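> 3D, please:
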Amino acid sequence: MGAEFQYRLGTMCYVEVAADGTVSQGADRAAYQRALAGRSRLFAVWPGNYRSDLFAIDDLDQFARGMGWIHDEARTGLADHEHQVRWQVGEFERNPNGSYISVRVWLDCGCAIRDHRAFAEQMRAQQGWDIATTGGWGSSSDSSGTSYSMRVRRKSLS
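Next up, the predicted model:
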């Protein structure tokens, strides 16, 4: 399926089968490295309502990109550079002194956020922001450009 496969789907189950036939659950970077070295094979189980589908992960590069272990600008919308960011407290924020606050973010560097988790990881590394990745986020466009709404730990903003 390529880039469309939902590797980070919360209900996705991974199975690793070692060359000696040993079966284990989960796929982390170590499992990825073993598969790259030819010491195991990886499979994804996509659960459904009435059946689950088993997929052999035969494109390990695509798997690593989908998991966020290898940067993929096409998938994330984010160049691998220092982002030029403007932000303001969200207009509907009811508790501006809370631990996490709603903010609107504009990327003046031309990037687009397609992968919220990847953006959160980049902003943590670049500016120390602690962006919540478990809640919702959104985008909108107006005369000031495309903005993104998200929750950020107030004390991490500078």
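
> Return the set of buried residues in the host helix or strand of E16.
Secondary structure from DSSP states H and E places E16 in strand 13-18. For strand 13-18, the neighbour count (16 or more other CB atoms under 10 Å) marks Y14, V15, E16 as buried. C-beta here means a position set from N, CA and C on the backbone, and glycine is covered the same way.

> which residues touch G77?
By CB atoms under 8 Å, 6 or more residues apart in numbering, the contact set of G77 is C111, A112, I113, R114, D115.

> residue at max distance from the center of the protein?
D20 (32.7 Å; CA atoms, centre = their mean).

> list the contacts for it?
Contact analysis of D20 by CB under 8 Å, 6+ apart lists nothing.

> quick revisit: could the buried residues of strand 13-18 go into a markdown table alongside pLDDT and distance to L107?
Listed next are the buried residues of strand 13-18 as a markdown table, based on pLDDT from 0 to 100; distance: CB to CB, whole Å:
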| residue | pLDDT | distance to L107 |
| --- | --- | --- |
| Y14 | 93 | 32 |
| V15 | 95 | 38 |
| E16 | 95 | 37 |
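
> now those as CSV including distance to A27?
Conversion of the buried residues of strand 13-18 to CSV gives the following (distance: CB to CB, whole Å):
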residue, distance to A27
Y14, 3
V15, 8
E16, 6
